[in-house]
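Asker: Generate a structure from the sequence data that follows.
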Amino acid sequence: MKKILLIAGDFSESLEVFFPYQALNMSGFKVISVAPHKKKGDFVTTAVHDFEREDTYTEKRGHKFLINTTLETIDVKEFDGLVLPGGRAPEYLRLDQRILDISKHFIDNNKPIACICHGMQILTAANLIKDRKVTSHPAIGPDIRLAGGKYVSVDINDIVVDKNIVSAPAWPANPKWMAAFIKLLNKK
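Answerer: Model (predicted):
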């Protein structure tokens, strides 16, 4: 059974955490969820982001998401894929060197990465997208360019695949995002 690492944090986007967790488990993968400063059995509080009438998304408190393994106990070499959800969590997750090193392992070993919305902040902070075509929430476009990547503007329910990275702008793309990620995982 292939193992997938999902890195979450408080105020990760609810649909970008729960959907991949459930879809991947349903598809026969073992999903391990971790978060800094959390141990097995702890929860992170998610956020619900929506696109209403304002110039940006709105945010409401979401469901609690169970962390099933402590970050310090994982061996990154045991994992076949990585999921980086969006929300507000990536803005502080990118400050954790362990998370940057974990992300680098997946890039260096050409293992599939599913990155959505603000999750791209982790890959940009780790300098891992140079010369790569990726997408994200439009607010992360400047970060992508500064990290040497090519930001691709796509419809909110579309994706971009470049080698081992499947990226999406936000949760409306969840079905295409996970389908493309699973396709990459099944090629390995």
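
Asker: Just the residues contacting the helix or strand hosting Leu185, thanks.
Answerer: Assigned by DSSP states H and E, Leu185 belongs to helix 174-187. Applying Cβ atoms under 8 Å, 6 or more residues apart in numbering, the contact partners of helix 174-187 are 2, 4, 15-16, 19-20, 23-24, 27, 29, 80-81, 83, 112, 114, 116, 157-159, 161, 164, 166-168. All C-beta spots, glycine's among them, are computed from the backbone N, C-alpha and C.

Asker: Kindly report the same for stretch 39-58.
Answerer: 8-15, 17-18, 35, 38, 59-70, 86-89, 137, 139, 156, 170-171.

Asker: what do you get if the cut-off is 6 Å, keeping everything else the same?
Answerer: By Cβ atoms under 6 Å, 6 or more residues apart in numbering, the list of residues contacting stretch 39-58 from outside reads 8-14, 17, 35, 59-60, 62-67, 69-70, 87.

Asker: Please apply the same query to stretch 14-34.
Answerer: So stretch 14-34 is contacted by 1-8, 46, 48, 62-63, 65, 67-69, 71, 83, 85-86, 116, 171, 174, 178, 182 (Cβ under 6 Å, 6+ apart).

Asker: PyMOL command for the buried members of the residues you listed?
Answerer: Buried residues among the contacts of stretch 14-34 (16 or more other Cβ atoms under 10 Å), as a PyMOL selection:
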select buried, resi 2+4+5+6+7+8+46+48+62+65+67+69+71+83+85+86+116+171+174+178+182
